[in-house]
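*Asks:* Here is a sequence together with a model predicted from it:
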Amino acid sequence: MLNGSRLIAVIPARGGSKSVPRKNLYPLAGKPLILWSIDIAKCVGGIDRVIVSTDDQEIANVASAHGAEVYMRPAHLATDSALVIDTLKDLVATLIREGETADWVILLEPTCPLRSVEDVEECMRVLRSGAFDSVATFKSADLNPHRAWRIHQGIPEVFIPGAIPWLPRQLLPPAYQLNGAVYVFRSNMLGSDSRSILPGRIGAVVMPKERSYDIDDPIDFTVVEALLKESEK
């Protein structure tokens, strides 16, 4: 429950991946990547259902065996170009037809395994204030936009007019980026024409870099495994 309303967690996990074949089942510290998100969702108090949306039967079997519900998604929502928001719209519509009354959805991408229970609960705490319709986790930006450039016809120019890209880091304005770990939003604001999973008034939770890794390639697996080993010492 969140503010007296039902809350469901959704973990989208399609079977295809070009960067790492079968990425969502690839072992990380001895267990399939997707299980890191399932286990976190099961440990967060207040989540009424944990649902995995997938097109892949092996992923479905693993998720089901570890306590998650499984909803198979249509093939057109599992392509390389398919958007997560379209999968969420399809799933929410299906759940409503089945009688689900949840007002809130937590999106947990399986590629962010280092998020903690506390990170998810902090997002829920922000929403309990009643000041926001959605919340997401952020990290300090990998590249401050004041140091970004564009190149037009072979000529470089600063991306932000007037920016001084060689200023010391301490003198640049703080910049942040989504880290993909946690999104929470009101399900009834996910309209058919919406292109954002952060509708309405948006709140922010800043996570540290060491918990913000978004796994995309084999090197990321190596880095995250090293971080996990270090944390066990």
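*Replies:* Arrived safely.

*Asks:* Show me what the lengthiest strand in the chain packs onto, helices and strands only.
*Replies:* Identified as the longest strand of the chain according to DSSP state E is strand 176-186. For strand 176-186, the elements it packs on are strand 104-107, helix 117-128, strand 134-140, strand 202-206, judged by 3 or more CB pairs under 8 Å, 6 or more residues apart in numbering; DSSP states H and E. C-beta here means a position set from N, CA and C on the backbone, and glycine is covered the same way.

*Asks:* tell me the most buried of these?
*Replies:* Across the helices and strands packed on strand 176-186, the average number of neighbours (mean count of other CB atoms under 10 Å) peaks for strand 104-107, which reaches a mean of 23.

*Asks:* Give me the sheet partners of that strand and which way each runs.
*Replies:* strand 7-12 (parallel), strand 176-186 (antiparallel) (DSSP bridges).

*Asks:* Identify the residues contacting it?
*Replies:* Defining contact as CB atoms under 8 Å, 6 or more residues apart in numbering, one finds that strand 104-107 is touched by 2-3, 5-10, 12, 41, 44, 47, 84, 88, 92, 120, 123, 127, 182-187, 190, 197.

*Asks:* Next, count neighbours for the closest residue to residue 157 other than its chain neighbours.
*Replies:* Counting by CB to CB, 6 or more residues apart in numbering, residue 157 lies nearest to residue 150, which is 6.0 Å off, once chain neighbours are set aside. A total of 10 residues lie near residue 150 under the criterion other CB atoms under 10 Å.

*Asks:* now residue 150, what's its secondary structure?
*Replies:* Counting by DSSP: H, G, I helix; E, B strand; the rest coil, the backbone at residue 150 sits in strand.

*Asks:* That one and residue 156 touch, don't they?
*Replies:* Yes. With the criterion set as CB atoms under 8 Å, residue 150 and residue 156 qualify as a contacting pair; they are 7.3 Å apart.

*Asks:* and the gap between the residue nearest to residue 157 and residue 126?
*Replies:* Residue 150 sits 34 Å away from residue 126, going by CB to CB, to the nearest Å.

*Asks:* Noted, bye for now.
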